[in-house]
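[1] Dropping a prediction and its sequence here:
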Amino acid sequence: MAEKIVHVGDVDIWSEALGEPGAPPLLLIMGANASAMGWPDEFVELLVQGGHRVIRYDHRDTGRSTHIPPADATYEMADLARDALAVLDAHDVRSAHVMGMSMGGLIGQLLAVDHADRLRSLTLALTGALDMGTVDDTPPDAERLEAMLALSTPGGDHESEVDRRVALWRALHGTVLPFDEAEYRRLEERVIAHAGTFLPATGHIRLASIPLERGGDDLRGLITPTLIIQGTEDPFYPTGYGRYLAQLIPGAVLELIDGLGHSLPRAVHKKVTDLVLAHTRQHVA
């Protein structure tokens, strides 16, 4: 494992690379308010075993990266995209496969639109298009979103905060796949240990699920080979969002995972990594 602190202006970004140094690089970009540890270690290990040098990093305002007081946080999504490029530069990577989840998928799209030469392939997981378009009238799951809103107040101590996060994951997970409470508890204990605090990251709330100025016209011109992975139980991004993306991006392949919500539980790790590895192996250069 190679850890690096990446300097982007006044911001320090924590990152790590796992796997053989000469293996094809795969950059993982997590969602809003989530650090690198939002990618489960077991999931990352499958990608490493599949032949990749996996690079993951903490967004600014998460994990071990610089945390900016809310009153001073004036950065935008484009700044987060520049952070991703700086991580690649710091690890001496000229071009990489990129996988973005949720808000990380929006960042991945920005990279493909503005820096296509840096991407070998793109995987967009559990996300929407830059303009938040959809092909149908199925809205996000209001009942589950309301339940999540009710769980937005941080816990007053370590134990109550972990309990809150597990309850939030239960709402995100959905009711089709079995919910393994111990699995999500381990994930959040890992996230907290990495950050060194049980206080949750909240700096990206204003950035998530907001239509960006870049949109349909930009995506129609994408040249990066793109795989779209969508869960049929995702409360944030129903399948219409994935179908819309697939219609916009030339040659994009859409894979629906039955029962998957807005999370990466162990039950789908092999399914998802098999899809990603099959995609990246088609685009080796």
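    Everything's here; your move. Numbering: from 1, shown residues only.
[2] And stretch 191-210, what's buried?
    For stretch 191-210, burial by neighbour count (16 or more other CB atoms under 10 Å) applies to 191-192, 194-195, 198, 200-201, 203-204, 207. No exception for glycine: its C-beta is placed from N, CA and C like everyone else's.
[3] Now render the residues you listed as CSV, adding pLDDT.
    Shown next, in CSV, are those (pLDDT from 0 to 100):
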residue, pLDDT
Val191, 98
Ile192, 97
His194, 98
Ala195, 97
Phe198, 96
Pro200, 93
Ala201, 90
Gly203, 85
His204, 84
Leu207, 73
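[4] Strands - which of the residues you listed land there?
    Using DSSP state E, no member of the buried residues of stretch 191-210 falls within strands.
[5] Can I get those in TSV including distance to Arg164?
    Formatted as TSV, the buried residues of stretch 191-210 follow (distance: CB to CB, whole Å):
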residue	distance to Arg164
Val191	13
Ile192	12
His194	18
Ala195	15
Phe198	10
Pro200	8
Ala201	14
Gly203	18
His204	18
Leu207	22
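[6] ok, the residues you listed vs Gly133, which is closest?
    Set against Gly133, the nearest of these by CB to CB is Leu207 (18.1 Å).
[7] That closest one and Met103 touch, don't they?
    Yes - here Leu207 reaches Met103: they are 6.7 Å apart, a contact under CB atoms under 8 Å.
[8] what residues do those two have in common as contacts?
    32, 77 (CB atoms under 8 Å, 6 or more residues apart in numbering).
[9] Which residue ranges of the stretch 1-150 of the chain form strands?
    Taking DSSP state E, counting those that start in this stretch as the test, the strands found in the stretch 1-150 of the chain are 2-8, 11-18, 25-29, 53-57, 96-101, 119-125.
[10] Relative to Ser152, which of those strands is closest?
    Nearest of the strands of the stretch 1-150 of the chain to Ser152, taken as CB to CB: strand 96-101 at 20.4 Å.
[11] Please put the alpha-carbon coordinates of that closest one into PDB.
    Output of strand 96-101 as PDB, limited to C-alpha atoms (Å, rounded to 0.1, in the frame of the first residue of the first chain):
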ATOM      1  CA  ALA A  96      -6.600   5.500 -15.600                       C
ATOM      2  CA  HIS A  97      -9.900   3.600 -15.600                       C
ATOM      3  CA  VAL A  98     -12.300   5.500 -13.400                       C
ATOM      4  CA  MET A  99     -15.200   4.300 -11.300                       C
ATOM      5  CA  GLY A 100     -17.500   6.900  -9.600                       C
ATOM      6  CA  MET A 101     -20.300   6.200  -7.300                       C
END
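[12] what's the spacing between the spatially closest residue to Glu16 that is not a sequence neighbour and Gly259?
    Closest residue to Glu16 apart from its sequence neighbours, by CB to CB, 6 or more residues apart in numbering: Glu3 at 4.8 Å. Using CB to CB, to the nearest Å, Glu3 is found at 36 Å from Gly259.
[13] These two: who's more crowded?
    Gly259 (16 against 9; other CB atoms under 10 Å).
[14] Report whether the expected contact of Tyr75 with Arg60 is present.
    Yes - at 7.0 Å, Tyr75 counts as touching Arg60 under the criterion of CB under 8 Å.
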